[in-house]
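Visitor: I need the structure of the sequence given here:
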Amino acid sequence: QVQLVESGGALVQAGASLRLSCAASGRTSTTNRMAWFRQAPGKEREFVASIRLSTGSTTYADSVKGRFTIAREIAKRTVYLQMDNLKLDDTAVYYCAAGPSFWGSSSSDFAYWGQGTQVTVSS
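Guide: Got it, this is the predicted structure:
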């Protein structure tokens, strides 16, 4: 099993920046990729970004390209999501996910999930 703990969520104004963190523990050797998803009220959970842990290769949703950056720190078993120029539509609960698969942006492609951290963007 892999445990994931997110942190860094907050209430910020539009245009601000925020960095989320996700710390992994447990059998992390089984994990090849980590990702961030988000779920806004009344909407389905959606893919935000993923990173392959061995190479650092990244993938982003079109809605966040150029504004969000996913990065990993192997020694700390931590993945970050740097969010710049935040918009009202970025308001959501952000979830960290991890799993053995090397590709895919669906929730089913990831086996492990954190409990989420709230990001609220105000005008």
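Visitor: can you map out the strands along this protein?
Guide: 2-7, 11-13, 18-26, 33-39, 46-52, 58-60, 68-73, 78-83, 92-99, 112-113, 117-122 (DSSP state E).
Visitor: Can you give the distance from the longest one to the centre of its chain?
Guide: Between the mean C-alpha point of strand 18-26 and the mean C-alpha point of its chain there is a distance of 8 Å (C-alpha atoms, centre = their mean, to the nearest Å).
Visitor: just checking, what packs against it?
Guide: Applying 3 or more C-beta pairs under 8 Å, 6 or more residues apart in numbering; DSSP states H and E, we find strand 18-26 packed against strand 2-7, strand 33-39, strand 78-83, strand 92-99, strand 117-122. Using the backbone N, CA and C atoms, a C-beta is placed for each residue, glycine as well.
Visitor: Who are the packing partners of the third one?
Guide: I take that to be strand 78-83. With contacts defined as 3+ C-beta pairs under 8 Å, 6+ apart, the packing partners of strand 78-83 are strand 18-26, strand 33-39, strand 46-52, strand 68-73.
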